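**Student:** Sequence first, then the predicted structure:
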Amino acid sequence: MATWEPVVNELIESNSIDAPWYDTVDVKRGLRNADGSGVIAGLSRISSVLGTKKTDSGVIPVDGELNYRGIPIQNVLDRHLVRSRYFFEEAAFFLLVGRYPTDSELTDVCLYMDQNRLLPDEVQTHLIRGVRSANVMNRLSTVVSGLYGCDSTPDSFEPEENFLKSLRLLAKMPSMIVYSFFEACQPQAKWVQPESGMSVAESFLYLLGEGKVASDTAVKTLDSCLVLHAEHGGGNNSTFATRVVTSTESDFYASMVAALGSLKGPLHGSANKKVMEMMADIIQAVGLTPSEEVLNAYLRRLLLKDGFDHSGKLYGLGHAVYTKSDPRAGILIEYAKQLSKECNRHDELQLYFSVAHWGPSVFSELKGPNKLIAPNIDFYSGFVYDCLGIPEPLYTPMFALGRLVGWCAHRMEEMIAGKRIIRPGYKYVATRSPVIK
């Protein structure tokens, strides 16, 4: 039997690039500037994400800001206090079109989604039941790709048709996610169909509950979670992947599969899962109600790679853009508080608050006073999902369900305003090999 180790060693050597090269050629690794900000690769009117401010004395950290179409995310969520249903659908229209729908438009959107909610039989039989995979995101990519064959105009690049494709896919996503999860993780679970008139959030929880109608609190919480995850600028990896594929004038489904593939990567879509695992490790090590001294000592061990997964990370603390705070986390905390009371998990949530409070201090102590981290939305979203009875294999798919709206909005903007294939350059830095005759 062949031994591939020598070949693999050569493969690794021939594909390694010494770090100094990046400074010599002035390459922005990961399309990130030296200060951590993203390289400007395009323009957008969909959302803005702010975590720092440039001044005459340099870049300074500020409280995080997230604006959807120019409106602060807190103001967007405030509408949910007076609108009991279809809030996520309303936010989807807002991000796609650029304004809130009228009542009649929202009714038309919800009716259209309701009419296009069910999955074709061949998709259920061949793409969900017929594919062997334990990963729900992998199954989702397969199903979305397969929907191309169920579309009468799959390659259309017209704005109206892509708007309708966005609504149809959003309507089908709860069934695609839950059925894929059942087939991968709970094969004995009962498949049910969403009832007519259900919102996306209601439909998802109804399907996951095998026909049990979810509480108003659960629906409203999930509705808000989906809106909070719906959009986060054109530079996040999965949205940028959407834009890259769209710039080639490829089809709607191909661009969504690219986004799903990006989000499946653990560096992008698995943060809340890692938070839950880290918190379970902390509870096992120091208990639910540790003293400040004991907790800080263990957090210090984690940062020194002497605990949990030995990565040296405090998962859920810190963000690529936000520095002092993540506005989404502040909103989600309120839902976490309410759920912790209903689920009798007060002590557990208090431990989250303690880690969120002391983690940044320990981090600065070890890394330096200029290194700021704060809890991001993923620090609390896993806890919220767990309280709602949503299993861990669904955490990343839930992210996809919300962010699908942002992907569709950025595809639309790239179609209409991009007008050029995205094609950055890579500089060749290897020595020339001798000519082989």
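**Tutor:** Done, it's in. Numbering: from 1, shown residues only.
**Student:** quick check: domain ranges of this structure?
**Tutor:** According to automatic domain parsing, the chain is divided into the following domains: 74-267+394-416, 271-387.
**Student:** what's the span of the first one from first residue to last?
**Tutor:** Spelled out, that is domain 74-267+394-416. The stretch domain 74-267+394-416 measures 29 Å between its terminal residues, going by CA to CA, to the nearest Å.
**Student:** what does stretch 107-126 give?
**Tutor:** For stretch 107-126, the separation between the terminal residues is 33 Å (CA to CA).
**Student:** Tell me the buried residues in that stretch?
**Tutor:** When burial is assessed from 16 or more other CB atoms under 10 Å, stretch 107-126 yields the following buried residues: 109, 110, 113, 114, 117, 119, 123, 124. To be clear about C-beta, it is placed using only N, CA and C from the backbone, and glycine gets the same treatment.
**Student:** Of the residues you listed, just say which sits nearest to residue 165.
**Tutor:** Residue 165 lies nearest to residue 113 out of the buried residues of stretch 107-126, by CB to CB, at 12.0 Å.
**Student:** dump the residue contacts of that closest one.
**Tutor:** In this structure, residue 113 makes contact with 89, 167, 168, 170, 171, 200, judged by CB atoms under 8 Å, 6 or more residues apart in numbering.
**Student:** What about these, which one has the most neighbours?
**Tutor:** residue 200 (28 neighbours; other CB atoms under 10 Å).
**Student:** just the strands in this protein please.
**Tutor:** Listed from the start of the chain, the chain has strands (DSSP state E) covering 47-55, 58-68, 71-72.
**Student:** Rebuild those strands as TSV, extending it with mean pLDDT and mean neighbour count.
**Tutor:** Formatted as TSV, the entries for these read as follows, by pLDDT from 0 to 100; neighbours: other CB atoms under 10 Å:
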stretch	mean pLDDT	mean neighbour count
strand 47-55	91	16
strand 58-68	92	17
strand 71-72	96	14
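**Student:** Show me the one of these that comes nearest residue 30.
**Tutor:** Each of these has some distance to residue 30 by CB to CB; the shortest is strand 47-55, at 16.4 Å.
**Student:** Residue 270 against residue 396, yeah?
**Tutor:** Yes - taking contact to mean CB atoms under 8 Å, the distance of 6.0 Å between residue 270 and residue 396 places them in contact.
**Student:** Any idea how many residues pack against residue 44?
**Tutor:** Applying other CB under 10 Å, we find 16 residues neighbouring residue 44.
**Student:** Quick check: of the contacts of residue 113, which lies closest to residue 8?
**Tutor:** residue 170 (42.7 Å).
**Student:** got the contact list for the closest residue to that closest one other than its chain neighbours?
**Tutor:** Of all residues beyond its chain neighbours, the one nearest residue 170 is residue 404 (5.9 Å), with distances taken as CB to CB, 6 or more residues apart in numbering. The contact partners of residue 404, by CB under 8 Å, 6+ apart, come to 166, 169, 170, 173, 256, 259.
**Student:** Of these, which belong to helices?
**Tutor:** Taking DSSP state H, the ones among the contacts of residue 404 that sit in helices are 166, 169, 170, 173, 256, 259.
**Student:** Pull the most distant pair out of these.
**Tutor:** When the ones in helices among the contacts of residue 404 are compared pair by pair using CB to CB, the farthest-apart members prove to be 170 and 259, with a separation of 13.3 Å.
**Student:** could the contacts of residue 113 be laid out in JSON lines, adding distance to residue 222 and pLDDT?
**Tutor:** Formatted as JSON lines, these follow (distance: CB to CB, whole Å; pLDDT from 0 to 100):
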{"residue": "89", "distance to residue 222": "13", "pLDDT": "96"}
{"residue": "167", "distance to residue 222": "19", "pLDDT": "98"}
{"residue": "168", "distance to residue 222": "21", "pLDDT": "98"}
{"residue": "170", "distance to residue 222": "14", "pLDDT": "98"}
{"residue": "171", "distance to residue 222": "16", "pLDDT": "98"}
{"residue": "200", "distance to residue 222": "9", "pLDDT": "97"}
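**Student:** coming back round to it: looking at the contacts of residue 404, which is nearest residue 144?
**Tutor:** Of all these, residue 144 sits closest to residue 256, with 5.2 Å by CB to CB.
**Student:** Make sure that closest one is actually in contact with residue 241.
**Tutor:** No - in this structure residue 256 lies outside contact range of residue 241 using CB under 8 Å: 9.9 Å.
**Student:** of those two, who's got more company?
**Tutor:** residue 256 (29 against 22).
**Student:** average pLDDT for stretch 238-245?
**Tutor:** Rounded to a whole number, the mean pLDDT of stretch 238-245 is 98.
**Student:** wait, stretch 224-235
**Tutor:** Per-region confidence: stretch 224-235 scores 96 on mean pLDDT.
**Student:** Could you pull out the buried residues of that stretch?
**Tutor:** Buried residues in stretch 224-235, counting neighbours by 16+ other CB under 10 Å, are found at 224, 225, 226, 227, 228, 229, 230, 231, 232, 233, 234, 235.
**Student:** ok, now stretch 141-153?
**Tutor:** Neighbour-count burial for stretch 141-153, counted by 16+ other CB under 10 Å, picks out 141, 142, 143, 144, 145, 146, 147.
**Student:** Residues contacting that stretch, please?
**Tutor:** For stretch 141-153, contacts defined as CB under 8 Å, 6+ apart pick out 119-120, 122-123, 126-128, 131, 133, 154, 161, 165, 169, 172, 176, 180, 251, 253-254, 256-257, 260-261, 264.
**Student:** quick one: which of those sit in helices?
**Tutor:** Using DSSP H to define helices, the subset of these located there is 122, 161, 165, 169, 172, 176, 180, 253-254, 256-257, 260-261, 264.
**Student:** who wins for most neighbours among those residues?
**Tutor:** Ranked by neighbour count under the definition other CB under 10 Å, those are headed by residue 256 with 29 neighbours.
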